[in-house]
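Enquirer: return a 3D structure for these sequence lines:
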Amino acid sequence: MRLACPSILVALLACSQAEPAACPAPLLACGEGCVDPRSDPAHCGDCSTACGPGQACLSGGCVATCEGAGGTLCGGQCVSLASDDAHCGACDHGCVEGQRCEASSCVSSDCPVRTGGAFVTFAVCAPAGSSAGSSFKAWVTREPFIAEAEQLLVSGTPKIPVFEVRSGADCDGQWSWHVDPATPGFADFTVEVCDACPPYVEAHVGDFESVGWCPWIARVVAVDRRP
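Expert: Residues are numbered from 1 along each chain as shown. Purely as a prediction, here's the structure:
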């Protein structure tokens with residue numbers, strides 16, 4: 001009796017040449033197994049792409065990990081959120097023209113070289129001896145205000161500063177607004193409607209542009225003259 005050996009051999013050969021079983025999406029069949037090309041550093045994006053040292057696979061692409069660099073990964077690059085003008089304080093938070101990133105905040109680029117005035121810093125809504133409240137740094141060009149601020153700094157006497165508010169950050173990057181440098185003054189009493197802590201002004205800039213800002217609890221803590 002003659003055996004059908006050729007048929008058996010053909011069947012075995014066909015089995016040995018069969019394609020590997022398909023992997024469920026989004027996995028890919030690479031080698032003898034299924035991999036995720038979105039995150040597998042040995043098969044990043046496809047079966048043949050491996051990420052190099054110091055890289056990770058993110059969304060199918062090799063990117064820097066920033067490990068040991070002390071930075072933050074933004075758009076595939078290691079950046080410093082404290083000083084990067086395109087990623088200031090957070091990824092993709094860019095400073096506008098005329099600003100630079102300083103201490104994670106966008107400030108006017110000419111702040112370090114300004115002359116003809118003084119930076120006057122206040123502790124606002126912070127009673128004496130308390131670490132609560134907020135700080136606010138104003139660029140001021142009005143000499144009587146600067147001179148009085150220096151006297152208050154020495155004496156510690158409380159007095160209410162009165163400002164005209166303008167939208168847009170200046171040299172105090174904490175806030176998205178600043179004060180008119182040419183018009184501030186000090187007062188012993190003011191109406192309550194203009195009294196507020198800086199975070200409240202931040203949330204209602206438009207209102208304070210109309211009524212002004214006069215924080216009742218404000219102490220001069222620094223005066224930096226720039227002749």
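
Enquirer: which residues in the protein form helices?
Expert: 5-16, 143-155, 198-203, 205-211 (DSSP state H).

Enquirer: contact partners for the closest residue in space to Asp92 that isn't next to it in sequence?
Expert: Once flanking residues are discounted, Asp92 sits nearest to Cys74: 6.9 Å by Cβ to Cβ, 6 or more residues apart in numbering. To be clear about C-beta, it is placed using only N, CA and C from the backbone, and glycine gets the same treatment. By Cβ atoms under 8 Å, 6 or more residues apart in numbering, Cys74 lies in contact with Leu81, Asp84, Ala86, His87, Cys91, Asp92.

Enquirer: any quick ChimeraX command for the buried ones out of the residues you listed?
Expert: A single ChimeraX command is used to select the members of the contacts of Cys74 judged buried by 16 or more other Cβ atoms under 10 Å:
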select :81,84,87,91
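
Enquirer: can you lay out the contacts of Cys74 as a markdown table showing pLDDT and distance to Phe122?
Expert: As requested, the contacts of Cys74 are arranged in a markdown table below (pLDDT from 0 to 100; distance: Cβ to Cβ, whole Å):
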| residue | pLDDT | distance to Phe122 |
| --- | --- | --- |
| Leu81 | 92 | 27 |
| Asp84 | 92 | 29 |
| Ala86 | 93 | 31 |
| His87 | 94 | 30 |
| Cys91 | 93 | 32 |
| Asp92 | 94 | 32 |
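
Enquirer: between the contacts of Cys74, which is nearest Val63?
Expert: Nearest to Val63 among the contacts of Cys74 is Cys91, at 12.6 Å by Cβ to Cβ.

Enquirer: neighbours of Ser167, how many?
Expert: 11 (other Cβ atoms under 10 Å).

Enquirer: what of Gln77?
Expert: Gln77, neighbours per other Cβ under 10 Å, totals 15.

Enquirer: circling back to that earlier point, against Pro161, how distant is the residue nearest to Asp92?
Expert: Distance, Cys74 to Pro161, by Cβ to Cβ, to the nearest Å: 38 Å.
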